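> Next comes the sequence, and after it the predicted model I'd like to discuss.
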Amino acid sequence: MKKHAFENSSPNAPSASDSVGALSNSIHNLALHEDKTLSMTLDLDVIGYLCVFLTGLQLCRLRRVSKACLNIVDEFMRRAFSVDYVFSRFFTPDQIASLRRIQAKTNFVVSGSAVVQFFERAMFPDSDLDLYVEEQHVKMLALFITQSGYVFKHSPHQPGSLLAALKDRSDWVTVSGEGPTKYGFIDTVPMMVFTFEKELTSGAVRKVQVIVSYRTDDVMAIILAFHSTLVMNIITYNSAVALFPVSSFHRHHTLVTASNSKVEACLDKYRTRGWRSIRVGETMSDDLHPECKKGTSRSTTDSWCWTIPLSPVEDCDSTGIIETSWEISQRRDLDSVMYAEMWINIKPEQGADKTWF
């Protein structure tokens with residue numbers, strides 16, 4: 001497994017697993033500096049049980065104690081971080097297999113609260129599934145969802161028929177940022193939303209939203225325009241990537257990157273789930289992890305990201321993760337704004353397709 005810079009981050013922030021995490025860190029430090037055979041004296045079942053209570057950072061530290069710990073942690077992570085867990089509330093096992101093949105063909109990504117739950121190893125009741133896809137692939141994905149028992153719920157500005165809505169171009173909306181950085185701008189990014197719902201026999205309703213971007217590059221621009229860093233994570237067909245893993249899933253901080261009434265409602269929702277909101281310019285922003293520091297150049301492929309490989313999809317030659325760089329800046333009103341230079345890695349013989357925002 002790839003070694004990450006966040007593995008060396010300070011574990012001193014409070015978390016729900018502080019006592020167990022302290023034991024993990026003690027094991028790690030002793031094994032590195034005193035007794036290389038320490039894990040041989042520990043009951044391996046105890047180590048396996050310990051994993052349930054650890055954050056991602058603590059798991060990565062524990063797996064470095066010894067080969068035995070590495071094997072235990074890797075087996076735990078293989079079971080705990082399964083993409084099937086993300087999809088299982090919305091689709092059957094057979095449907096999940098088909099959906100992943102479609103994901104490999106179209107490069108759609110999963111983001112939002114579903115991916116927060118994946119990395120946090122938690123479940124939020126009544127959460128939706130948000131899928132981000134390029135316009136040229138939306139029909140394939142939308143038809144699959146309806147064939148899986150979901151009903152298209154049109155917006156007031158969309159035709160009632162799904163096929164008519166897919167052809168309509170009047171419902172594009174935009175997300176935007178403002179101001180230059182060394183990388184350029186996030187300008188207006190066109191997007192369209194298709195909502196699908198299915199009522200279960202229990203009366204509960206499952207909702208899947210397909211967010212359509214005009215170009216492949218726009219997908220990450222939309223995600224980097226989210227309300228805060230906590231939800232800036234993605235699942236591709238072959239990897240799950242947390243862009244701010246220490247802040248989000250160890251310290252349980254989220255850096256606010258937008259400000260309006262809808263943003264505040266979202267932040268309140270995550271506050272009740274245990275995350276603390278931080279704004280650039282506030283005193284407590286001095287406690288921000290380097291992955292969130294103002295002026296730090298970041299990329300989806302840098303060592304601060306936490307990337308978890310997923311089980312393979314057969315007969316797939318997709319490019320997978322969209323490589324993107326960004327930098328956090330600061331507005332005069334002390335709200336933080338994320339600016340991004342976007343590009344997608346494509347096959348070398350096709351050259352580099354680079355787009356500025």
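Thanks, I have it. Residues are numbered from 1 along each chain as shown.
> by contact count, what packs against the longest strand along the chain?
Scanning the chain for the strand with the most residues, using DSSP state E, yields strand 189-199. Using 3 or more Cβ pairs under 8 Å, 6 or more residues apart in numbering; DSSP states H and E, the elements in contact with strand 189-199 are helix 138-147, strand 151-153, helix 162-167, strand 173-175, strand 205-213, helix 218-223. C-beta: built from backbone N, CA, C; applies to glycine.
> ok, and for the first one, which residues are buried?
Of the residues in helix 138-147, 138, 141, 142, 144, 145 count as buried by neighbour count, 16 or more other Cβ atoms under 10 Å.
> now the fifth one
Buried residues in strand 205-213, counting neighbours by 16+ other Cβ under 10 Å, are found at 206, 207, 208, 209, 210, 211, 212, 213.
> From residue 219, how far off is the fifth one?
Right, the one you point to is residue 210. Remark: distance between residue 210 and residue 219 (Cβ to Cβ, to the nearest Å) = 12 Å.
> Test my guess that residue 144 contacts residue 99.
Yes - proximity of residue 144 to residue 99 meets the contact threshold set by Cβ atoms under 8 Å, at 6.7 Å.
> okay but residue 130 is in contact with residue 111, surely?
Yes - using Cβ under 8 Å, residue 130 is in contact with residue 111, at 5.7 Å.
> any idea how far residue 309 is from residue 123?
Per Cβ to Cβ, residue 309 is found 23 Å from residue 123.
> ok, residue 45 - how many residues close by?
For residue 45, the count of nearby residues is 9 (other Cβ atoms under 10 Å).
> For it, what is the enclosing helix or strand?
Taking DSSP states H and E as the definition, one finds residue 45 inside helix 44-51.
> picking that back up, as a whole number, average confidence for the longest strand of the chain?
Average pLDDT, strand 189-199: 87.
> how about it as PDB, C-alpha atoms only?
C-alpha atoms of strand 189-199 as PDB (Å, rounded to 0.1, in the frame of the first residue of the first chain):
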ATOM      1  CA  VAL A 189     -19.000  25.700 -14.400                       C
ATOM      2  CA  PRO A 190     -22.100  24.500 -16.100                       C
ATOM      3  CA  MET A 191     -23.900  21.500 -14.500                       C
ATOM      4  CA  MET A 192     -27.300  19.900 -14.600                       C
ATOM      5  CA  VAL A 193     -29.000  17.700 -12.000                       C
ATOM      6  CA  PHE A 194     -31.200  14.600 -12.600                       C
ATOM      7  CA  THR A 195     -33.000  13.200  -9.500                       C
ATOM      8  CA  PHE A 196     -34.200   9.700  -9.200                       C
ATOM      9  CA  GLU A 197     -36.200   8.100  -6.300                       C
ATOM     10  CA  LYS A 198     -37.400   4.700  -5.300                       C
ATOM     11  CA  GLU A 199     -39.800   3.800  -2.500                       C
END
